[in-house]
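*Asks:* sequence-free structure coming up:
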């Protein structure tokens with residue numbers, strides 16, 4: 001009697017865990033890991049970011065950026081209450097934007113996001129994400145909030161390990177599809193690979209990331225793109241290494257001979273320093289470009 005009760009209990013636990021197994025990723029996440037390794041954090045700007053949190057939970061962030069002789073500044077406020085969040089941004093170009101996000105308020109697996117931008121209100125959008133409503137599907141819908149809206153629809157099907165996806169953009173004014181993409185993503189603990197056919201079948205992009213060891217502290221990445229109409233290829237290789245809980249080093253090299261390196265150093269949760277550099281190995285007479293970003297949390 002006791003053994004049968006234990007077996008039933010195990011069956012319930014296993015079936016529950018099986019039901020909670022995550023489904024496929026969104027199409028926008030195909031190749032995202034490779035893109036982050038090759039792009040995230042690299043900059044030739046000088047940037048200072050200061051954040052502070054008020055008693056009621058609002059986060060205020062001020063960012064000053066200098067690119068060459070141009071300087072810009074931006075102020076952002078973020079407030080989260082339960083599954084709802086509102087973000088407000090204002091910059092020196094007199095551009096104002098606000099984003100309202102509602103997660104799982106209307107449906108258990110639905111995320112709603114509305115963004116309004118001024119004075120360029122044509123960039124305003126309404127985004128809907130549906131994930132795990134169907135066990136093996138994820139759907140994303142974006143509608144422009146203007147007189148000539150562009151509707152973006154993407155859908156993926158499969159599992160967390162392997163997924164197939166499609167994405168299309170429909171322009172209401174011309175009643176035509178201006179873009180369609182298709183791709184496949186394969187994800188396992190030791191690697192992440194994706195193949196995407198974009199720009200109406202004219203651009204082929206292949207991305208691969210390999211993680212070494214169970215800790216995944218060292219990763220190598222390669223990304224190849226081919227423009228079929230021009231018979232033109234591009235190549236970028238790189239890698240990242242987490243030295244310790246404070247220090248991360250990244251590097252990348254593209255087919256043009258541009259070598260980029262990045263050092264991320266977190267002294268503590270309230271201080272982060274990024275130093276990046278760009279060097280043209282084909283022309284050593286060029287002065288290397290150096291970027292510096294400092295983030296402080298008060």
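*Replies:* Cool, the structure landed. Predicted model only: the values in this text are computed from it and were never measured. Numbering: from 1, shown residues only.
*Asks:* residue contacts, residue 158?
*Replies:* By CB atoms under 8 Å, 6 or more residues apart in numbering, the contact list for residue 158 reads 23-24, 136, 164. Quick note: C-beta positions are derived from backbone N, CA and C, even for glycine.
*Asks:* Which helix or which strand is home to the closest residue in space to residue 233 that isn't next to it in sequence?
*Replies:* When the adjacent residues along the chain are set aside, residue 233 lies closest to residue 226, with 5.0 Å between them (CB to CB, 6 or more residues apart in numbering). Residue 226 belongs to strand 218-227 when elements are defined using DSSP states H and E.
*Asks:* Give the buried residues for that strand.
*Replies:* By 16 or more other CB atoms under 10 Å, the buried positions in strand 218-227 come out as 219-223, 225.
*Asks:* okay, residue 15: pLDDT?
*Replies:* We have a pLDDT of 41 for residue 15.
*Asks:* on that earlier part again, write the PyMOL selection for whichever of the contacts of residue 158 are buried.
*Replies:* Applying 16+ other CB under 10 Å to these, the buried members can be selected in PyMOL as follows:
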select buried, resi 23+24
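*Asks:* pLDDT on the helix or strand that contains residue 182, on average?
*Replies:* Residue 182 belongs to strand 176-188 when assigned by DSSP H and E. Across strand 176-188, the average pLDDT comes to 93.
*Asks:* May I have the strands that pair with the helix or strand following that strand, each with its orientation?
*Replies:* Remark: after strand 176-188, the chain's next helix or strand is strand 191-198, criterion DSSP H and E. For strand 191-198, the paired strands and their directions (DSSP bridges) read strand 176-188 (antiparallel), strand 203-212 (antiparallel).
*Asks:* what residue ranges in this structure score low on pLDDT?
*Replies:* 1-22, 104-109, 132-133 (pLDDT under 70).
*Asks:* which stretches of it form helices?
*Replies:* Taking DSSP state H, the helices of the chain run over residues 2-19, 32-39.
*Asks:* next one: the shortest one to chain centre, how far?
*Replies:* Looking back up the chat, that one is helix 32-39. Offset of helix 32-39 from its chain centre (CA atoms, centre = their mean, to the nearest Å): 8 Å.
*Asks:* thinking again about what came up before, ranking the strands paired with strand 191-198 by burial, who's on top?
*Replies:* Comparing the strands paired with strand 191-198 by mean neighbour count (mean count of other CB atoms under 10 Å), strand 203-212 ranks first with a mean of 18.
*Asks:* what comes into contact with that one?
*Replies:* Contacts of strand 203-212 (CB under 8 Å, 6+ apart): 31, 33-35, 37, 189-198, 218-228.
*Asks:* how far does it sit from the chain's center?
*Replies:* Worked out by CA atoms, centre = their mean, strand 203-212 lies 15 Å from the chain centre.
*Asks:* which ones among the contacts of residue 158 are found in strands?
*Replies:* Of the contacts of residue 158, the ones assigned to strands by DSSP state E are residue 164.
*Asks:* distance between the ends of stretch 281-295?
*Replies:* Terminal residues of stretch 281-295 lie 30 Å apart, using CA to CA, to the nearest Å.
*Asks:* mind listing what the residue lying closest to residue 155 once chain neighbours are set aside touches?
*Replies:* Take residue 155 and drop its neighbours on the chain: the residue closest to it by CB to CB, 6+ apart is residue 139, 4.9 Å away. Applying CB under 8 Å, 6+ apart to residue 139 gives the contacts 129-131, 133, 153-155.
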